[in-house]
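> Turn this into a structure:
(2 chains)
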Amino acid sequence: MELNPLLVTGARLLGGDTASLLVEHGRIAALNPVRIPEGAETVDAHGQWLAPGIIDLGVFATDKPAFHFGGITRAALMPDSGPLDGAGLVERAAKGGKPDLWVHPLAAATKGLDGKELAEIGLMKQAGARAVATGRARIADAGVMRRVLAYAASLGLTVIAHAEDEGLTQGAVATDGEMATRLGLASAPSIAEAMAIARDLCLVEETDAPLHFRQVTTARGLDLVRAAKARGLPVTCGITPAHLFLSDTAIGDFRTFARLSPPLRSEDDRHACLAAVADGTIDVLASGHDPRGPEDKRLPFAEALPGMAGAETLLAMGLQLVRDGHVTPARLFDLLAANPARLLGLPAGRLEAGLDADLILIDDGTPWKVDAKKMAAWAGNTPFDGMPVQGRATMMWKGGQRIR
Amino acid sequence: MTSSTIRPASDYPPGGDAFRHRHLTGIAPLTPWEISYVLDAAEEWVDLNRSGAAKHDDRLAGLTIINAFFENSTRTLLSFEIAGKRLGADVVNMHAGQSSVKKGETLIDTAMTLNAMRADAIVIRHAASGAVQLIADKVDCPVLNAGDGRHEHPTQALLDALTIRRRLGKVEGLTIAICGDVLHSRVARSNILALTLLGNEVRVVAPPTLTPPAMERMHVTTFTDMDEGLKDADVVMMLRLQNERMDGAYLPSAREYHALYGLTPKRLEKAKPDAIVMHPGPMNRGVEIDSSIADDPARSTITEQVEMGVAVRMACLDILTRRKRGVPGWN
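Have a look, this model is predicted:
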């Protein structure tokens, strides 16, 4: 089916200058076009923001209503459910979003994600995998991790790693500190993260393979990544809004919606994360979307499973970073779209001619309240329950086709 | 023994302000005067319990109390059962082993079931921190925490405070050393909260592998040297060391633990001459405490703690059911 050309007018590009944008054949054709093709459908944005659709790097479920609510046009699916360790599984997962959502499966680094034997990364790449991931845990064996890095690099794929030392975090459900002690919860020192990062950085230095830490949440971990980047190592890292806006005080009263992996950190670490978003150490802001029903969350804290439903709040929390002065709007969309696109090798993520027309219109001022009971996601486990926020996606296009 | 700091419960004005809580989930939500109020109320039950033949008061007659114990316990369960029965309540015990918990029913479902049976109070012990709070949020009747994971064991802290107050005449301005496996101990957490709140200097004496993080934030000082930690203490509170901690993961062996942290008569000399020795039971004789100390009535308060336990639990059950019973001023 041939799409009509689309012209969006009166939009503030990435919250900046007002401009119009022309879409033809599913791609961005031009900014401020001189020639308007016949039959073009025109949408007047009335000063709303126009941005690339959010590319959510590292989600645990294909939860379309939540992604559509949140302005997410592409989701990179973690390999944990399945696990995605074979070409057939990857191919099927990639089709899970059709026709109105791009799903980019991440290939399991090892068979069964058990951290021992290399999975068929090459065949999974042919089936559509755009990066490799270690899953919810890191690969404990440094020898295996080294082989994964080198092998994935030879295929041009980045490895997405979890950064926690399993020896230190075994059995822990919180970060060492007053909160964990008062609640009587098993906890681990926050250096568990820096130790895992330090090991993997040594392996990157050795193999020169690109590595992305999905979440870096501590001051010491971020210092290591910052220094590695300064040395020119091919390292990037991400974070979710939870670790930018919440510290471990949020687990008070045993709130299982705030049970996350890695666990929430101290207030000092939270401030270090904000600084790292501002100075460019952190490359990616993702939702970590992991919807969990009451059977997984309405349990004693340590028995509840970690994870949060984050897709719906990702954009609003990102806009909060802008309002708080931590990032510019342009930098926010680097974190939400351009950087994830580069990491996954996608022709999207920026408002540039020739790229896929995955677009969102954003009313940056609309106030709304996060309500765990009224989520589009299939479970409402948000640590931001009850928080008043501002801004939401009002329209969405995938490849030039209106999907919302 | 009584002292000038002890006031009878009748001195407090009637009304919700004396103890403003629907549940007893822990010591953390309590104020110092609420703790004193419970201790004063318990004093009266001590007298009743010692009165010989008819140790009965029927103020809870017709009420149903369910003791829901999801974790094994002998003495706490027995203590709550006796406390309920002395007050005339119908007491039912539910052990996890006999219930549908083992068949996969969730804790919330079990709580809703107990609630539907119209219990007037539920006493809960559970192996997971926060489990009692979770149930308290879901049921309509008062919930008493009989120990949840490593979190809290409030009636133990209250009975310990009462024991100290009766033995030493006060429970303020004292130096109290809590010794042993503090990391895994709900007794230690509740006692730290209660005893610091009442104005005592609390020390934690434990091997580094069994000391929780951020202890300074709990307003206690930590010691790894037992002799140093016991110096001039008024109260030495020993904790039970679970057998599974001694297999090399946290401690090399029971033998080594006894050598470094066991309470021996020689070690006890470091404390004040009239210092008392407490233990929540059950004891590992010869590991954390020597028999000669445990059995010395001049030093050891171990049996007295058990006695105070019944009185404190009677006081808690009485106070928390007053609203339900329509006691004037409690609404």
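
> Give me every residue in the stretch 301-404 of chain A lying close to chain B.
Residues of the stretch 301-404 of chain A found near chain B (C-beta under 8 Å from any C-beta of the partner chain) are A:Phe301, A:Ala302, A:Glu303. All C-beta spots, glycine's among them, are computed from the backbone N, C-alpha and C.

> Return the member of these nearest to chain B.
Set against chain B, the nearest of those by C-beta to the nearest C-beta is A:Phe301 (4.6 Å).

> I'd like the average pLDDT over the strand or helix carrying A:His212.
Element membership of A:His212, judged by DSSP states H and E, is strand A:211-213. For strand A:211-213, the mean per-residue pLDDT is 98.

> got a winner among the residues of the stretch 301-404 of chain A next to chain B for most neighbours?
Per-residue neighbour counts (other C-beta atoms under 10 Å in any protein chain shown) across those peak at A:Phe301, which has 27 neighbours.

> What's the first helix or strand after the helix or strand in which B:Met308 is found?
Secondary structure from DSSP H and E places B:Met308 in helix B:302-320. Later in the chain than helix B:302-320, the nearest helix or strand by DSSP H and E is helix B:322-325.

> Run through the helices of the chain in chain order.
Just so you know, I chose chain A. Under the criterion DSSP state H, chain A contains helices at A:64-69, A:87-95, A:121-126, A:142-154, A:166-169, A:178-183, A:191-207, A:219-230, A:241-245, A:267-279, A:294-297, A:314-323, A:329-333, A:339-344.

> wait, I meant chain B there
For chain B, the helices defined by DSSP H occupy B:32-49, B:75-86, B:107-116, B:131-136, B:154-168, B:186-197, B:226-230, B:254-261, B:265-268, B:291-294, B:302-320, B:322-325.

> Ok, which of those helices comes nearest chain A?
That would be helix B:131-136 among the helices of chain B, by C-beta to the nearest C-beta, at 4.2 Å.

> so what's B:Ile319 up against?
For B:Ile319, the contact set (C-beta atoms under 8 Å, 6 or more residues apart in numbering or on different chains) comprises B:Phe19, B:Tyr37, B:Val38, B:Ala41.

> make that B:Val236, sorry
For B:Val236, the contacting residues are B:Ala177, B:Cys179, B:Leu230, B:Leu263, B:Leu268, B:Ala271, B:Ala275, B:Ile276, B:Val277, B:Met278, by C-beta under 8 Å, 6+ apart.

> ok, back up a step: I'd like the helices of chain B laid out as a markdown table, including mean pLDDT.
Putting the helices of chain B into a markdown table (pLDDT from 0 to 100) gives the following:
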| stretch | mean pLDDT |
| --- | --- |
| helix B:32-49 | 94 |
| helix B:75-86 | 96 |
| helix B:107-116 | 90 |
| helix B:131-136 | 95 |
| helix B:154-168 | 98 |
| helix B:186-197 | 98 |
| helix B:226-230 | 97 |
| helix B:254-261 | 94 |
| helix B:265-268 | 96 |
| helix B:291-294 | 96 |
| helix B:302-320 | 97 |
| helix B:322-325 | 92 |
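
> could I get those helices as JSON lines with distance to A:Met375?
Output for the helices of chain B, formatted as JSON lines (distance: least, C-beta to C-beta, whole Å):
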{"stretch": "helix B:32-49", "distance to A:Met375": "39"}
{"stretch": "helix B:75-86", "distance to A:Met375": "41"}
{"stretch": "helix B:107-116", "distance to A:Met375": "20"}
{"stretch": "helix B:131-136", "distance to A:Met375": "22"}
{"stretch": "helix B:154-168", "distance to A:Met375": "36"}
{"stretch": "helix B:186-197", "distance to A:Met375": "35"}
{"stretch": "helix B:226-230", "distance to A:Met375": "51"}
{"stretch": "helix B:254-261", "distance to A:Met375": "50"}
{"stretch": "helix B:265-268", "distance to A:Met375": "58"}
{"stretch": "helix B:291-294", "distance to A:Met375": "57"}
{"stretch": "helix B:302-320", "distance to A:Met375": "36"}
{"stretch": "helix B:322-325", "distance to A:Met375": "36"}
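
> closest to A:Leu260 out of those?
The closest of these to A:Leu260 is helix B:131-136. By C-beta to C-beta, the value is 18.6 Å.
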